[in-house]
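Chemist: Mind folding the following:
(one chain, ligands or ions: 1)
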Amino acid sequence: SSVFAALAQAPEDPILGVTVAYNKDPSPVKVNLGVGAYRTEEGKPLVLNVVRRAEQMLINNPSRVKEYLPITGLAEFNKLSAKLIFGADSPAIQENRVTTVQCLSGTGSLRVGGEFLARHYHERTIYIPQPTWGNHPKVFTLSGLTVRSYRYYDPATRGLDFKGLLEDLSSAPLGSIVLLHACAHNPTGVDPTIDQWEQIRQLMRSKSLLPFFDSAYQGFASGSLDKDAQSVRMFVADGGELLMAQSYAKNMGLYGERVGALSIVCGSADVAVRVESILKLVIRPMYSNPPLHGPSIVATILKDSEMFNEWTLELKAMADRIISMRQQLFDALKSRGTPGDWSHIIKQIGMFTFTGLNSDQVAFMRQEYHIYMTSDGRISMAGLSTRTVPHLADAIHAAVT
Ligand SMILES: Cc1[nH+]cc(COP(=O)(O)O)c(CN[C@@H](CCC(=O)O)C(=O)O)c1O
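Modeler: Numbers count the residues shown, from 1 in each chain. Now for the predicted structure:
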């Protein structure tokens, strides 16, 4: 007998469980369009050349040890991460108003931020977009926050429900926390325009709503690191405060190294120092201190201008391949005369296309065509290749006719 005998089998994760099902499928034509992880034209995971170079340099460094990092992580990595997202010329960085702690990738950064806010911020409510990344509500609920939604996506136009967004944020209690995707909204691939971001910023500052940015795709949406950070930098430029969760999983291909950072932009330098001391109280009992290898790779690349440039080229190549998959899928559906308007495939940006297919159609495509995608109709364009686009187009065509 077991003291755990009463436990019922838990369901698989809606996103990561797709890979579990995909791996079990023996079909030679199966395609995994579930998890947002980059694949090459050959359908293989990619380790960036610049990452391999950085790792070789680290291994060849005889003085490199494996001591504990501080609770806040690798200091050089933290400084470079803040510069990457806020910009080297950021006034907040110049004025020492930014505290950055290395966390376990994007998820860990969101969780540490959520736990910090639940214990040390006066408002316990966080507004997250509807829809959003499936793990967001769980991360913030388990952090101790109350999760509410703000309208974000309009299924009718397959675009932003900007009116609904403004209404919902206008009616949020003063000081509420608001989760914002910095770029490449997951799962919709729909981002506000710069003008819309400015209206969001003004509204949020007028009601003292606290921005919590989630940046998991910087450089992946447009191919430009700076362009994809524009929304964030507009908020920092107004001198206000915000939280920022960064992930290097996708843009540096460090998925399994779990490399990320949480930054909090504070009103003054001495507040930033105190905030960092409190973040250490959150982290120490959670995992004590973060891993050494991943941030060492990132710091090696970010601090060397030649390696940084090589990274930007490899990043742009990944972004461009995803964009070419969009065009190829759109063209394939057009050539099949698949009923419906599929222009959102080429209008949406980032890793995902929110197809508009419903869960029955998704199930049909898995059953009959061995296409694996999340039940909300999201497909990871990075999982596609020139070879598999026709197969996906056939499946979509069959699903909608
Ligand atoms: C918006 C967003 N925020 C944070 C993360 C966390 O990433 P990480 O740095 O690995 O902790 C992800 C990954 N989401 C993709 C990867 C798989 C997953 O769900 O996790 C996804 O949506 O497929 C996001 O899409």
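Chemist: which residues in the stretch 1-150 of the chain form strands?
Modeler: Along the stretch 1-150 of the chain, the segments classed as strands by DSSP state E, counting those that start in this stretch run 31-32, 98-104, 125-130, 146-151.
Chemist: does the longest helix along the chain come close to the ligand?
Modeler: Ranked by residue count under DSSP state H, the longest helix found in the chain is helix 305-336. No. Using C-beta under 6 Å from any ligand atom, helix 305-336 stays clear of the ligand, coming no nearer than 13.4 Å. Where C-beta positions appear, they are placed from N, C-alpha and C, glycine not excepted.
Chemist: which element follows that helix toward the C-terminus?
Modeler: The first helix or strand that comes after helix 305-336 along the chain, using DSSP states H and E, is helix 344-347.
Chemist: can you list the residues of the stretch 151-300 of the chain near the ligand?
Modeler: Residues of the stretch 151-300 of the chain found near the ligand (C-beta under 6 Å from any ligand atom) are 181, 186, 214, 216, 247, 249, 260.
Chemist: Show me which of the residues you listed is closest to residue 366.
Modeler: Ranked by distance to residue 366 (C-beta to C-beta), these are led by residue 186 at 20.7 Å.
Chemist: Okay, and the residue in the stretch 251-400 of the chain positioned nearest to the ligand sits in which element?
Modeler: With C-beta to the nearest ligand atom as the measure, residue 260 is the residue of the stretch 251-400 of the chain nearest to the ligand, at 5.3 Å. Per DSSP H and E: residue 260 is located in strand 259-265.
Chemist: was I right about residue 192 contacting residue 200?
Modeler: Yes. Between residue 192 and residue 200 a contact is recorded at 6.3 Å, counting by C-beta atoms under 8 Å.
Chemist: More neighbours: the two, which one.
Modeler: Taking neighbours as other C-beta atoms under 10 Å, residue 192 and residue 200 compare with residue 200 leading, 22 against 19.
Chemist: how much distance is there from the strand holding residue 260 to the middle of the chain?
Modeler: Offset of strand 259-265 from its chain centre (C-alpha atoms, centre = their mean, to the nearest Å): 13 Å.
Chemist: same thing with stretch 148-157?
Modeler: The answer for stretch 148-157 is 19 Å, by C-alpha atoms, centre = their mean.
Chemist: quick one: which of the residues of the stretch 151-300 of the chain next to the ligand is nearest to residue 175?
Modeler: Nearest to residue 175 among these is residue 214, at 19.6 Å by C-beta to C-beta.
Chemist: how about the residue lying closest to residue 372 once chain neighbours are set aside, what does it touch?
Modeler: Spatial nearest neighbour of residue 372, excluding adjacent residues (C-beta to C-beta, 6 or more residues apart in numbering): residue 22 at 4.2 Å. Contacts for residue 22 were tallied using C-beta atoms under 8 Å, 6 or more residues apart in numbering; they are 30, 32, 34, 372.
Chemist: at 10 Å what do you get?
Modeler: Counting by C-beta atoms under 10 Å, 6 or more residues apart in numbering, residue 22 makes contact with 30, 31, 32, 33, 34, 35, 366, 370, 371, 372, 373, 383.
Chemist: Of these, which are in range of the ligand?
Modeler: Within these, those near the ligand by C-beta under 6 Å from any ligand atom are residue 35.
Chemist: rewinding a little: which residues are in contact with both of residue 192 and residue 200?
Modeler: Common neighbours of residue 192 and residue 200 (criterion: C-beta under 10 Å, 6+ apart): 162, 165, 180, 231.
Chemist: avg pLDDT for stretch 367-386?
Modeler: The average pLDDT for stretch 367-386 rounds to 97.
Chemist: tell me which residues in stretch 331-340 are buried?
Modeler: If you call a residue buried by 16 or more other C-beta atoms under 10 Å, then stretch 331-340 has these buried ones: 332, 333, 338.
Chemist: Spell out which residues sit in contact with residue 165, please.
Modeler: By C-beta under 10 Å, 6+ apart, the contact set of residue 165 is 127, 129-130, 150-154, 178, 192, 196, 199-200, 203.
Chemist: go with 7 Å
Modeler: By C-beta atoms under 7 Å, 6 or more residues apart in numbering, the contact list for residue 165 reads 150, 151, 152.
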